[in-house]
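> no sequence on this one, just coordinates:
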């Protein structure tokens, strides 16, 4: 690809981070910070709040493959812009909503926005810079850490300064960010040329994609990613509320969540280096094991030191799960089938995110509270350690068969 025709990589990374903050953090991960004020304002309980989170995950899951087909046919930029429009509509509607069922529909729009915006964004960045795919995608995903830092600082400040209306202001700020991101995408973002590895009609995927769905290593990685999706969404939605229930002041809890995001921004590249040097299986075992222990700490001792260590360890290690899973999913398939493998394991992740909030909401309300919910998530991650260790054998088995 001619360097003169490519947009500056710094510009593409900046746009990628802006879109990631809006479509992943504000539309999905920050909901746990907004939820306590929103539930109080609408007169809802935690089971209702969990259902709202589940609807967002369901919207994401149902549109994931649709968005991929749309992007391959009409272009990644168009899909990303539509995703931002979905998100902006959902954010602004939630800022004004006084109805549970309307809020549920608007939360589904946030899931549509993530599906249409995030996966096509990753493909578009990789299409422009195939020789620097890991770097541009890694830095764009750094928007998750930066976004969590911003949300962890902004949301508690607004909700404590304006206790009755602060949660509405949060959704309004998120809506403004989606509008700004949409304008930036419309003006500056461009689709890579067809046939340049972007997955468009001029660059067809080999017909052997069905082999990806039967690949034991890819299936094993998908199961790991499903555990990550289930446990991580429960942590982001309910850990902040658990801290508040345990007597941690809201601003301190928000600062801990912000610190987790900031640490993730720094730790992502480090885990990429670890997985390259020590192998995907070893990095998965290390990061999953550390996250399992971190999840158990507030269960054993719901105190400020335990919550602080939890957020620090999660901030340092959870990015290792995402980095290593996405890298491992493509290692036993043909390079041109890599997007198929990533999409396939992402379905496991989306299903985990769909099941997690609803199940955790029932447990919190009726079966033992927050401590029981996080004891279960810690146990699931401990089981995930076994799958991470087994991924080395499944990879060797596929390599031997090939």
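Looks like it came in fine. For clarity, every value in this text was computed on a predicted model and none was experimentally measured.
> distance check, residue 65 against residue 346.
Residue 65 sits 10 Å away from residue 346, going by CB to CB, to the nearest Å. C-beta coordinates here come from the backbone N, C-alpha and C atoms, glycine included.
> er, residue 80 actually
17 Å.
> then residue 31?
Distance from residue 31 to residue 346, by CB to CB: 19 Å.
> same deal with residue 145?
Separation of residue 145 from residue 346 (CB to CB) stands at 20 Å.
> repeat that for residue 239.
For residue 239, the distance to residue 346 - CB to CB - is 23 Å.
> now do the contacts for residue 155.
30, 33-34, 170, 254 (CB atoms under 8 Å, 6 or more residues apart in numbering).
> quick one: which of those is nearest to residue 321?
Of all the contacts of residue 155, residue 321 sits closest to residue 30, with 19.4 Å by CB to CB.
> before we move on, back to that, higher neighbour count, residue 80 and residue 346?
Legend: neighbour count by other CB atoms under 10 Å for residue 80 and residue 346, higher for residue 80 (30 against 26).
> so which bits of the strand or helix carrying the more buried one are buried?
Using DSSP states H and E, residue 80 sits within helix 76-96. With burial defined by 16 or more other CB atoms under 10 Å, the residues of helix 76-96 counted as buried are 76-95.
> packing partners of it?
Applying 3 or more CB pairs under 8 Å, 6 or more residues apart in numbering; DSSP states H and E, we find helix 76-96 packed against helix 46-74, helix 100-128, helix 166-188.
> quick one: which of the ones you listed is nearest residue 12?
helix 100-128 (6.0 Å).
> quick one: the very next helix or strand once past that closest one to helix 166-188, angle?
Beyond helix 100-128 on the C-terminal side, the first helix or strand identified by DSSP H and E is helix 133-161. Between helix 133-161 and helix 166-188, the angle comes out at 150 degrees (axes from the mean of the first three to the mean of the last three CA atoms, to 10 degrees).
> what angle do helix 133-161 and helix 100-128 make?
Going by the same axes, to 10 degrees, helix 133-161 makes 150 degrees with helix 100-128.
> list the buried residues of helix 133-161.
Applying 16+ other CB under 10 Å to helix 133-161 flags 133-134, 136-159 as buried.
> what pLDDT, on average, does that helix get?
The average pLDDT for helix 133-161 rounds to 80.
> that helix: how far from the chain's middle?
11 Å (CA atoms, centre = their mean, to the nearest Å).
> could you do stretch 276-296 as well?
18 Å.
> pull the residues that contact that stretch.
Contacts for stretch 276-296 (CB under 8 Å, 6+ apart): 224, 228, 231, 235, 271, 274-275, 309-310, 313-314, 316-318, 320-321, 323-325, 327-328, 331, 374-375, 377-379, 381-382, 384-385, 388-389, 391-392, 395.
> hmm, which of these are the buried ones?
224, 228, 231, 235, 271, 274-275, 309-310, 313-314, 316-318, 320-321, 323-325, 327-328, 331, 374-375, 377-378, 381-382, 384-385, 388, 391-392, 395.
> which of the residues you listed fall within helices?
Judged by DSSP state H, the subset of the buried ones among the contacts of stretch 276-296 located in helices is 224, 228, 231, 235, 271, 274-275, 309-310, 313-314, 316-318, 320-321, 323-325, 327-328, 374-375, 377-378, 381-382, 384-385, 388, 391-392, 395.
> residue 260 and residue 116, how far apart?
27 Å.
> show me which of those two is the more surrounded one.
Neighbours per residue, other CB under 10 Å: of residue 260 and residue 116, the larger number sits with residue 116, 29 against 24.
> show residues contacting stretch 99-109.
By CB under 8 Å, 6+ apart, stretch 99-109 touches 31, 38, 42, 44, 48, 51-53, 55-56, 58-59, 86-87, 89-90, 93-94, 97.
> 7 Å - rerun?
42, 44, 48, 52, 55-56, 58-59, 86, 89-90, 93-94, 97 (CB atoms under 7 Å, 6 or more residues apart in numbering).
> what comes up buried for stretch 341-350?
Neighbour count says stretch 341-350 has 341-350 buried, by 16+ other CB under 10 Å.
> if you could redo that for stretch 45-61, that was the one I meant.
Those buried within stretch 45-61 under the rule 16+ other CB under 10 Å are 46-61.
> which stretches of the stretch 301-402 of the chain have low pLDDT?
335-340, 394-402 (pLDDT under 70).
> give me that answer again for 80
For the stretch 301-402 of the chain, residues meeting the criterion pLDDT under 80 lie at 319, 323, 326-327, 329-343, 368, 392-402.
> so, low pLDDT: which residues of the stretch 151-300 of the chain?
193-212, 261, 265-266, 268-273, 275-277.
> quick one: low-confidence residue ranges for the stretch 1-150 of the chain.
In the predicted model of the stretch 1-150 of the chain, residues 1-5, 46, 64-65, 68-69, 71-73, 119, 122-123, 126-127, 129-142 satisfy pLDDT under 80.
> ok, how many other residues are close to residue 214?
8.
> i'd like the first residue to be 49 from this point on
Done: numbering now begins at 49, and the last item shifts to residue 262.
> distance of it from residue 270?
12 Å.
> same check on residue 67?
For residue 67 relative to residue 270 (CB to CB), the value is 25 Å.
> the more surrounded of those two?
residue 67 (29 against 23).
> dump the residue contacts of the nearest residue to residue 215 once chain neighbours are set aside.
Nearest residue to residue 215 in three dimensions, chain neighbours excluded: residue 85, at 3.6 Å (CB to CB, 6 or more residues apart in numbering). Contact analysis of residue 85 by CB under 7 Å, 6+ apart lists 207, 214-215.
> quick one: which helix or strand includes residue 85?
Per DSSP H and E: helix 79-90 holds residue 85.
> separation between the closest residue to residue 381 other than its chain neighbours and residue 265?
Of all residues not flanking residue 381 in the chain, residue 389 sits nearest, at 4.8 Å (CB to CB, 6+ apart). Distance, residue 389 to residue 265, using CB to CB: 9 Å.
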